[in-house]
Structure formats: structure tokens, C-alpha cells
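Visitor: compute the structure for the input listed below.
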Amino acid sequence: MSRGVLSVADLVVVKGIDEGRKFTLGPGASPIGRDPTALIRLNDTEVSRNHAEILFTQDGFRLRDLASVNGSFVNCKSIQDVLLRTGDQVQVGQTVFLFLCHEDHAGDGVNKEDLFPEAVQGEEFFRTFSLLEKVPDSVGSMVLSDPEKVQGPWLRSALVRLGAIYETIQASSQILDVNLLLERILQLMVKTIAAERGCFLIKKESELSAERHEDQGILTTTFENLEEACHLDGEESLAPLIVSRTVVDHVLREKIGVLVTDAPKDLRFASAQSIISTGVREIICVPVRGRHITLGVLYLDSRRGPEGKQAANLKTGFTRDHLTLAIAIAHQAALAVEDTIHYRARIQNERLAGVGETVAYLSHHIKNILQGLKSGGEILKLGLKDRDDAMLSQGIRLIEKNHARIFDLVMEMLNYSKERTPVKTRVDVGELCQEVVELTTQLAKDKNVELEFQPSQEPIFADLDSEAIHRALLNLVNNAIDALEEKGYGKVWVKVERQQNLVVIRVLDDGPGIPEGMGGKMFQPFQSSKGGKGTGLGLAVTKKIITEHKGWIRIESQPGKGAEFCLGLPLSQ
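Guide: Prediction:
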């Protein structure tokens, strides 16, 4: 083993979904992938289950790709097996690591002391090095925000282009409306390259959503299936924009960006009536190319006067740099449009999945209730046939019970789905809680549950929608009583107290508590610990009512030791 080689190193994630995580490498193999057994387990979906591994050898740490789908890269180069050095950037999928070792283990026996000599300080620095320029660190925040103030034409020009790309990426991350996004990007382009006019021609969103690859034949993009997403006439525009179909079709057919500096004399476009009639001399047209398909084109132009001179005050000419910048920004625009469309589709799919889940749950629940009603009807028929009063009473009770269940379900669905503003009045919260306790006393007795109300020492008044809060408290007390049914006995407490500007109501029971893992789901629709007995909407409705009052509700529970639902409501709004 070479001098200075250590068997301990770190992989730090500097980019990706796991950014900030650190993995310590030691002797032996360190697998990288999505497999649960991998030492370096990642959440990146573009990483294979068994993507790569890092081995400690006599030369140091080596990275080996394990025939992964997307490959492994070190310092932007694809690799199969490579020796890692301190400072190397390792990329797998969309995740980028920084490899750090206590010593360079490249096998050349170089110590850190040889690479990093003792620091040179003070005046010795100026005698040791030939210092050419000094730039304050404050310049870093200024150059992108105002590149025109930067000295030097090369840097100024580069920063203008870099700034345009930076603003494009920034807009892409903030704007979800496709047309607004393209309009913002077009403004940047017209401003940056001093175009007279410009527009984005993009396929209809319905076509984009259905497409994946142009190789399927019928998906070829042409001028005919494009429509104007946005257009912009610059401040110095002398005529409205008329897009040359000839240029657009050429760009789409050849899949290239074009820069035309004297359009009427270009044999490919000289016959185009739009170019002749509008006097356009300079055109930049580039494809808006995404990951798999061409979404459309970005079209920019300017024109000159009849004498061949630039029209008054128009800035001069498009260059190859402008064309390259337009292609880069058009690609970023395409990626942003694709991401926005895919995001919308994902949201729509999630909504449809939620609707499907809701329909399935309600169908099952209503089917059970209808089955109960049907059974009650059958018992009634038998009672009438046999003139059996006991059977008639049983059938009526069964029908009434299931009628109450479906009525409760419908009311809770309405309460949960309807957007409403609380109708508030001055309410004695203690009296409101007392009413709920009195209403549920008989239910508690029927289930061998003791129900105790502990009011505050002084009356507490609050601005509340009394009907809504009554419903919320009734849900909580009924749930507490139901939680004790399996136990066969128990006690429920309802307590009221004032805490600063809040009235706090607690509903406690000494039942089995909330099952582990259910606490965070209790307020979600169709989550119930009662099996087929509950609607799964009671607590969701309760949470909605409390939220409408700008209050809060919390759960404290330990399995086997009961549960406490605590809600806080502002005394006044």
C-alpha cells in the first residue's frame, strides 16, 4: 500500500434529492443504489437499484459501475472503473457527490504537507507571489445584477448572456402558467439581443400532453400545427410581426437553428412573400426542443430601411453568439414547458386517484348501509306474514339504525365539502359543552361508559359558530365513547379552561388509545379506526370546523392508556 493511503473517506451529496447527506466509506465494498441494503442508499429515481460500488484497494478507493442503466461519471466523464482522488465529483443519476479523503491516495506517495505548504501571511505574500489584480468580494453580487457596469467588453458580453440564461431558469422555477412563462422568456430574448420583434410558436397543449417521441411518424412538427403562444413588438418596432412560414418549416424540417442576415438575398428564403413584403433583413429562428420532442420555434427578426441602411435608432445585427444564446434559452424554455405540463398532468392524475378512492370508499360504505336496510325490510315482511310483533319491532329498529347511518354520512359529506364562513355569535362555551354532554349521556350509559363534565370556574365567552362547534364537539365525544365499546367499560372527561386569549376544550378517554401509526392520519378523510361502523369523515369535518375558526386541534395518545383530543379556539376575532 502506498505511503499516505487512508482507509476512511467521505462522500458528500452536493446536488440532488439527498443533498446534504454524508456517507463515510471504510474498508471493503460500499454499494451505491436504491436497494434497501445499499450502504449508500439514494432516493434518486434515476439511480439503479445496484448502480455502482466503491472499493478500498491497496491504491485507495476505486469506483466501479455495476452495469447501471444511466451510467456513472467522475468529473463529467463516463467511467467503468476508476481510482478516486480527493475533490473528485462523482455523479450517479441526478445525484452528485464530492469525494473527500484525509490524504490523496492516488498511489504516488504524496503527502498533504507537500501539496499544501505552510500558509504565507502579511507582506511575505506580496514577495512570494506576483500579484496582478485585486477584486473586492462585493463585486460577486453585482456582476449579474448589473453587467453593464463591468469593465471589459468580453466579460460584459458574457455576463449579459449568462444573466439571460440565469433569468430564464429563475422564471422557469417560479411561473407555472405556460403562456406567462414564454412571454417572460421572450421579453428577455428581445431585450438581450436587441431584436425588433419576436414570438413563440408552440403546439397546442393537448397535443403536447399526448406526445412522447417524434420517431413515431405522425408526430412531426410543422408550421401547420403550431399556434402563437405569445409575441412581442420591441420598443423600436416599425411594423407588426409577420412570421415567415418558409423559415419556420426549414428550421423544423432540418432540426437546426438559423441566422439569416440578409433574408431577401438568401436563395432558400428569397421567394417567401412575408420576407419580401415586410422588408425583414435579419432573422433568428431556433427549434424549441425538449427532452423528446420539438414543441415549436422561437422566432426573432429585425428589418432595415429601403436604402439598405438600418432603420432609425435600430441597434445592429444578429451574430452567431446571439443564435447560440437563442438555442440555449429555447431549450430551457422547452424543458420548463414540459415540466409544467407534466406537473399539471400529475396533479390531475392525483385528483382523479383521489376521486376514485372516494367513490370506492363511499360505494362500499353505502352498500353496507343498503344491505342493512334490505335486511330490515326482509324482517318486516316476515313479521307481517307471521303477525310477529317482536320481529316487526326488530325490523323497524334495523331500518331506523341504517337510516340514521346514511343520514349522518350525507350530512358529514356536505359539511366536509361545502366551503363556508362561520356565522359567529357570543357563546358561553361552558353551556355549549354541557349541551353536548347531556346529549351523549344516554349513549354513554348504553355502552357502560361514565361521562364527566368539568367546567371552568368562571364562564368563558367566545365568538363562535355555535352550531358548527356543537357538531365538532359531538364528533369528539361520540368517538371517545365508541373507543371504549370494545373494552366494555370506561370513562370520558370533557374539560373547559381559559388560556390567555384562547378557550381550550379537552376530550379524554381511558380506552385503548390510537393505534400506532394512525395519529397523523386521523384527520384525513375516510380514515377510521372503527372499521365499518364509522364514516371516516367525522374527524375531518371537526378539523375543518376548527380551522375555519382559526383554531387548532391536537392529539395525545399512548397505546393502552387512552387518548386526548385538545382544541383551542380564539375568544374573539
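Visitor: quick check: mean pLDDT across the helix or strand hosting Ala326?
Guide: Taking DSSP states H and E as the definition, one finds Ala326 inside helix 320-386. In this model, helix 320-386 has a mean pLDDT of 79.
Visitor: can you check stretch 472-487 too?
Guide: Mean predicted lDDT for stretch 472-487 stands at 86.
Visitor: just stretch 300-313 next, same as before
Guide: On average, stretch 300-313 scores 52.
Visitor: helices along the protein, start to end?
Guide: Using DSSP state H, the helices assigned to the chain run over residues 112-115, 123-128, 153-174, 178-193, 205-210, 245-254, 273-278, 320-386, 389-417, 429-446, 466-483, 538-548.
Visitor: closest one to Glu452 among the ones you listed?
Guide: Of all those, it is helix 429-446 that lies closest to Glu452, at 8.4 Å by CB to CB. In short, each C-beta sits where N, CA and C put it, glycine included.
Visitor: now tabulate the helices of the chain in JSON lines and tack on distance to Ser68 and mean neighbour count.
Guide: Putting the helices of the chain into JSON lines (distance: least, CB to CB, whole Å; neighbours: other CB atoms under 10 Å) gives the following:
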{"stretch": "helix 112-115", "distance to Ser68": "33", "mean neighbour count": "10"}
{"stretch": "helix 123-128", "distance to Ser68": "47", "mean neighbour count": "9"}
{"stretch": "helix 153-174", "distance to Ser68": "28", "mean neighbour count": "15"}
{"stretch": "helix 178-193", "distance to Ser68": "34", "mean neighbour count": "20"}
{"stretch": "helix 205-210", "distance to Ser68": "30", "mean neighbour count": "13"}
{"stretch": "helix 245-254", "distance to Ser68": "35", "mean neighbour count": "18"}
{"stretch": "helix 273-278", "distance to Ser68": "50", "mean neighbour count": "16"}
{"stretch": "helix 320-386", "distance to Ser68": "24", "mean neighbour count": "15"}
{"stretch": "helix 389-417", "distance to Ser68": "47", "mean neighbour count": "15"}
{"stretch": "helix 429-446", "distance to Ser68": "61", "mean neighbour count": "17"}
{"stretch": "helix 466-483", "distance to Ser68": "51", "mean neighbour count": "22"}
{"stretch": "helix 538-548", "distance to Ser68": "44", "mean neighbour count": "21"}
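Visitor: now do the contacts for the nearest residue to Arg405 once chain neighbours are set aside.
Guide: Leaving aside its chain neighbours, Arg405 sits nearest to Ile369 (5.1 Å; criterion: CB to CB, 6 or more residues apart in numbering). Contact analysis of Ile369 by CB atoms under 8 Å, 6 or more residues apart in numbering lists 402, 405-406, 409.
Visitor: how about the helices of the chain in a markdown table, adding distance to Asn50?
Guide: Shown next, in a markdown table, are these (distance: least, CB to CB, whole Å):
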| stretch | distance to Asn50 |
| --- | --- |
| helix 112-115 | 34 |
| helix 123-128 | 50 |
| helix 153-174 | 33 |
| helix 178-193 | 39 |
| helix 205-210 | 34 |
| helix 245-254 | 42 |
| helix 273-278 | 57 |
| helix 320-386 | 28 |
| helix 389-417 | 46 |
| helix 429-446 | 58 |
| helix 466-483 | 47 |
| helix 538-548 | 42 |
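Visitor: quick one: which of the ones you listed is nearest Phe99?
Guide: helix 112-115 (15.5 Å).
Visitor: so what pLDDT did Arg498 get?
Guide: The model's pLDDT for Arg498 equals 91.
Visitor: no no, Ser30
Guide: Looking at Ser30, its pLDDT is 91.
Visitor: how near is Val92 to Val82?
Guide: Counting by CB to CB, to the nearest Å, the gap from Val92 to Val82 is 13 Å.
Visitor: more crowded one of those two?
Guide: More crowded of Val92 and Val82, by other CB atoms under 10 Å: Val92, with 25 against 19.
Visitor: surely that one and His51 touch.
Guide: Yes: between Val92 and His51 a contact is recorded at 5.2 Å, counting by CB atoms under 8 Å.
Visitor: identify the contacts common to these two.
Guide: In contact with both Val92 and His51: 32, 42, 68, 72, using CB under 8 Å, 6+ apart.
Visitor: so which of these is the most crowded?
Guide: Ile32 (30 neighbours).
Visitor: contacting residues for the nearest residue to Ile17 once chain neighbours are set aside?
Guide: Nearest non-adjacent residue to Ile17, counting by CB to CB, 6+ apart: Asn43, 5.0 Å away. Residues near Asn43 by CB under 8 Å, 6+ apart: 17-18, 34.
Visitor: can you tell me which of the residues you listed are buried?
Guide: 18, 34 (16 or more other CB atoms under 10 Å).
Visitor: now stretch 19-37 - C-alpha only, CSV.
Guide: Taking C-alpha atoms only, stretch 19-37 is exported to CSV below (Å, rounded to 0.1, in the frame of the first residue of the first chain):
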residue,chain,number,x,y,z
GLU,A,19,-28.4,17.0,-0.9
GLY,A,20,-26.5,17.5,2.4
ARG,A,21,-26.2,13.8,3.3
LYS,A,22,-22.8,12.4,4.1
PHE,A,23,-21.7,8.8,3.8
THR,A,24,-18.5,7.5,5.4
LEU,A,25,-16.5,4.9,3.5
GLY,A,26,-14.4,2.3,5.1
PRO,A,27,-12.6,-0.9,4.2
GLY,A,28,-14.4,-3.3,1.9
ALA,A,29,-17.2,-2.5,-0.6
SER,A,30,-19.6,0.3,-0.3
PRO,A,31,-22.6,-0.3,-2.7
ILE,A,32,-24.4,2.7,-4.2
GLY,A,33,-28.1,2.4,-5.3
ARG,A,34,-31.7,2.4,-4.4
ASP,A,35,-31.6,-1.1,-2.9
PRO,A,36,-32.6,-1.0,0.8
THR,A,37,-29.4,-3.0,1.6
